[in-house]
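> Please find the sequence and the predicted model below.
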Amino acid sequence: MVDTTPLTQAVDHFADRLRAAPQSRLQRSAAAEALALARELSRRAQAVEEPGTEPREMPDAGMFAVADQILVAAHDLALVLESDDEVGEAVRLVEEARGRAGV
């Protein structure tokens, strides 16, 4: 079993930063960046769980829900990751999205 702790920690940190961000920051870019990350993490999990099927897109539940959306998507992905390299790639995606979000 692969250790997904680095992914959990990175996503928890990003989610905490989103929850603490002012509404103006969320409106400018942070919420959109987080939603894009949640959708990508979800897409990756679905590709493993249901290969060959068209992935469903995570809906936009609003800027105040994006922290929860990235947590759910990362949890789903963590359940299907099979290697440390895959965990590292997921952490890289989270860190890059957090940097672009500016939180």
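Received, thanks.
> And stretch 84-91, what's buried?
Using 16 or more other C-beta atoms under 10 Å as the test for burial, stretch 84-91 gives 86-87, 90-91. Quick note: C-beta positions are derived from backbone N, CA and C, even for glycine.
> so who does Arg43 touch?
The neighbourhood of Arg43, defined by C-beta atoms under 8 Å, 6 or more residues apart in numbering, consists of 55, 57.
> Tell me how far the lowest-mean-pLDDT helix or strand in the chain lies from the chain's centre.
Using mean pLDDT, DSSP states H and E, helix 23-25 stands out as the lowest-scoring helix or strand of the chain, at a mean of 94. Its chain's C-alpha centre and that of helix 23-25 lie 19 Å apart, by C-alpha atoms, centre = their mean, to the nearest Å.
> rewinding a little: so which of the buried residues of stretch 84-91 are in helices?
Using DSSP state H, the subset of the buried residues of stretch 84-91 located in helices is 86-87, 90-91.
> Out of the residues you listed, the closest to Ala20 would be?
Nearest to Ala20, judged by C-beta to C-beta, of those is Val91 at 20.7 Å.
> pretty sure the closest one contacts Thr5?
No - using C-beta atoms under 8 Å, Val91 is not in contact with Thr5, being 10.0 Å away.
> Let me know the helix or strand that Met63 is in.
Counting by DSSP states H and E, no helix or strand carries Met63.
> wait, Asp12
Here Asp12 is assigned to helix 5-20, by DSSP H and E.
> how distant is that helix from the center of its chain?
For helix 5-20 - counting by C-alpha atoms, centre = their mean - the centre lies 9 Å from the chain centre.
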